[in-house]
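Visitor: got a sequence here, can you model it:
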Amino acid sequence: MIVRKKTDTIVIHCADTKPSMDIGVEEIREWHTKQRGFDDIGYHYVIRRDGTKEIGRPLELQGAHAVKVNGHSIGICLVGGMAADNSPENNFTLEQHLTLKDLIKELKEKYTIEDICGHYEVELKKPHCPGFHVKEWLMKEDLL
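Guide: Numbering: from 1, shown residues only. The predicted structure follows:
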């Protein structure tokens with residue numbers, strides 16, 4: 001794994017899971033390593049349905065979550081994002097949004113963050129990830 005030399009971007013993702021799936025870092029780590037061949041989980045953080053923040057890939061290492069920006073970004077994954085019929089759905093809990101807001105504030109204090117975006121903004125093949133318009137949410141939460 002590669003040490004990230006610069007950190008100026010945060011990318012928000014969804015796990016593309018139904019609200020009934022209460023998963024976390026260990027399950028996603030298994031998907032990424034066993035099914036996708038990654039060295040570790042691709043995300044630096046996972047936020048569970050109850051708002052619990054779990055640490056994934058070590059923060060100082062380059063992620064494997066958004067090819068175009070892996071070298072200078074931190075990946076945060078919210079568990080959820082899929083409806084019961086497998087369509088995209090903004091089904092994240094208030095607790096997840098509160099944890100995400102606190103985590104973004106914490107990362108902005110530690111790094112010079114120039115961009116916070118949804119996965120859909122850096123990879124066209126992911127038009128529904130994370131399932132909500134990130135810039136609108138950031139403005140509403142006074143994080144821009």
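Visitor: which of the residues in stretch 6-21 are buried?
Guide: By 16 or more other C-beta atoms under 10 Å, the buried positions in stretch 6-21 come out as 7, 9-19. Where you see a C-beta, it was placed from the backbone N, CA and C, and this is true even at glycine.
Visitor: these in helices, which ones?
Guide: Within the buried residues of stretch 6-21, no residue falls in helices by DSSP state H.
Visitor: who are the contact partners of the most far-flung residue of the chain relative to its centre?
Guide: The C-alpha centroid of the chain is most remote from residue 85, which lies 22.5 Å away (C-alpha atoms, centre = their mean). Shown here is residue 85, which makes no contacts under the criterion C-beta atoms under 8 Å, 6 or more residues apart in numbering.
Visitor: same deal with residue 79?
Guide: By C-beta under 8 Å, 6+ apart, the neighbours of residue 79 are 14-15, 17, 21-24, 46-49, 96.
Visitor: report the separation between residue 67 and residue 132.
Guide: 22 Å (C-beta to C-beta, to the nearest Å).
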